[in-house]
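Novice: attaching a predicted model along with its sequence, questions to come.
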Amino acid sequence: MSPVGLANLLDGLPKAADPNLLVGFETGDDAGVYKIDAHTALVHTADIITPPVDDPVVFGRIAAANSLSDVYAMGGRPLTCLNLMGFPSKELGPEILAGIVAGALEKITEAGAVLAGGHTMEDDEPKFGLSVTGIVHPDKLWRNASARVGDALILTKPIGSGVLFNANLKGWVDAEVMSTCFETVSTLNRNAAQVLADIGAVHAATDITGFGLAGHAFEMARGSDVSLHIDVDALPKMPQALAMYERGMTTGVNIANHELVDASTRFEREFSPSMRELLIDPQTSGGLLVAVKAERAVETVSALHDAGVEHANLVGRVAAFDAPHHLVFR
């Protein structure tokens with residue numbers, strides 16, 4: 001189902017009346033949040049992906065980092081995880097399954113969380129992810145729908161993994177570039193989230209995954225009733241990602257992502273078709289896009305670099321809604 005179709009489906013569902021449900025599905029946020037008491041709220045999320053790489057351990061790392069990211073995007077801390085596995089047991093041996101879980105466990109442990117179990121079902125191809133429960137203070141919760149006019153925008157990871165994954169299947173990508181891509185998408189957003197929490201300047205946050213940079217930025221802008229002005233030259237980009245689009249590669253999600261954002265997007269200068277594709281390139285375990293107090297933006301980026309989040313960069317600003325354009329690329 002396309003992002004637009006999914007949004008229409010969710011809009012038709014009854015809204016929860018429980019006042020303790022702090023975040024539901026209304027704004028397409030990264031996780032649900034339920035308040036337990038004045039000091040604690042539970043963060044709930046689940047995600048599952050197909051393999052972007054043949055190595056089962058690397059697949060497990062990437063899938064786990066991708067699932068854990070939703071908790072970090074809410075300002076939370078992961079506590080427990082459940083494996084979600086679809087597996088063709090008649091086609092692949094148990095060592096493949098064990099490798100996937102082993103890779104995931106590495107990232108779960110690195111996050112300071114624990115693996116509490118899971119569920120495996122028979123499937124035609126491998127699929128893997130996690131259901132994650134975390135905690136956050138109700139007053140320190142980040143949402144994707146609370147950006148403020150005047151905020152600065154920071155992105156913490158480069159974009160381009162979607163097209164690189166597909167191009168790698170044809171052997172088009174240099175081995176070193178692909179290795180760097182796998183390392184990037186396997187990296188937890190833990191350090192970035194910790195720095196952002198310590199500085200305390202975040203007004204809104206989301207992580208960049210399947211809807212691409214433009215799709216998730218659009219959700220933030222629409223939910224906040226603002227426009228996001230994004231400097232394309234300032235965006236961190238994975239090596240060779242743009243070149244893969246220029247060579248004719250794409251992904252199966254690009255058309256749906258265009259459907260989601262095109263009517264609400266304005267380009268203030270000429271961009272190549274390949275660059276426009278990169279802006280909606282679906283990410284796996286992408287970075288955090290955060291709207292922060294403008295006066296703390298430079299300090300925040302410096303602190304992120306000091307913490308090893310080397311690609312973090314100022315990429316734009318939040319402006320008053322310029323109907324119908326929630327996104328302005330310049």
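Specialist: Nice, I can see it. Residues are numbered from 1 along each chain as shown.

Novice: output the helix or strand containing Met178 as CSV, nothing but the C-alphas.
Specialist: Element membership of Met178, judged by DSSP states H and E, is helix 175-186. Output of helix 175-186 as CSV, limited to C-alpha atoms (Å, rounded to 0.1, in the frame of the first residue of the first chain):
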residue,chain,number,x,y,z
ALA,A,175,33.1,-2.6,-2.4
GLU,A,176,34.5,0.1,-0.1
VAL,A,177,31.5,2.3,-0.6
MET,A,178,29.1,-0.5,0.1
SER,A,179,31.0,-1.4,3.2
THR,A,180,30.7,2.1,4.5
CYS,A,181,27.0,2.1,3.7
PHE,A,182,26.5,-1.1,5.7
GLU,A,183,28.4,0.4,8.6
THR,A,184,26.4,3.6,8.5
VAL,A,185,23.0,1.9,8.5
SER,A,186,24.2,-0.5,11.2
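
Novice: residues contacting it, please?
Specialist: With contact meaning CB atoms under 8 Å, 6 or more residues apart in numbering, helix 175-186 is reached by 52-53, 58, 61-62, 65-66, 107, 157-158, 160-161, 164-165, 168, 173, 238-240, 283-286, 311. Placement of C-beta: from N, CA and C, glycine included.

Novice: if you set the cut-off to 7 Å instead, what comes out?
Specialist: For helix 175-186, the external contacting residues (CB atoms under 7 Å, 6 or more residues apart in numbering) are 53, 58, 61-62, 65, 157-158, 161, 164, 168, 238-240, 284-285.

Novice: quick check, pLDDT for Leu79.
Specialist: As predicted, Leu79 sits at a pLDDT of 98.

Novice: next SSE downstream of the one helix or strand it maps to?
Specialist: Per DSSP H and E: Leu79 is located in strand 77-87. Once the chain leaves strand 77-87, the next helix or strand it forms, by DSSP H and E, is helix 94-110.

Novice: tell me the buried residues in that next one?
Specialist: Ile96, Leu97, Gly99, Ile100, Val101, Gly103, Ala104, Leu105, Glu106, Lys107, Ile108, Glu110 (16 or more other CB atoms under 10 Å).

Novice: ok, stretch 232-244 next?
Specialist: Neighbour-count burial for stretch 232-244 [16+ other CB under 10 Å]: Val232, Leu235, Pro236, Lys237, Met238, Pro239, Gln240, Ala241, Leu242, Ala243, Met244.

Novice: do stretch 39-55 as well
Specialist: Ala41, Leu42, Val43, His44, Thr45, Ala46, Asp47, Ile48, Ile49, Pro51, Pro52, Val53.

Novice: A strand includes the last one, no?
Specialist: Just to be clear, that refers to Val53. No: with DSSP: H, G, I helix; E, B strand; the rest coil as the criterion, Val53 is assigned coil and is not in a strand.

Novice: over to it: give its phi and psi.
Specialist: Dihedral pair for Val53: phi -150, psi 150, per degrees, to the nearest 10.

Novice: burial check on the closest residue to it other than its chain neighbours, number of neighbours?
Specialist: Nearest non-adjacent residue to Val53, counting by CB to CB, 6 or more residues apart in numbering: Phe59, 5.6 Å away. Neighbour count for Phe59, taken as other CB atoms under 10 Å: 24.

Novice: list the contacts for Ile135?
Specialist: Ile135 touches Thr40, Ala41, Leu42, Val43, Gly76, Arg77, Leu79, counting by CB under 7 Å, 6+ apart.

Novice: looking at this structure, which helix or strand is least sure?
Specialist: helix 3-11 (a mean of 54; mean pLDDT, DSSP states H and E).

Novice: that one: what's the following helix or strand?
Specialist: strand 21-23.
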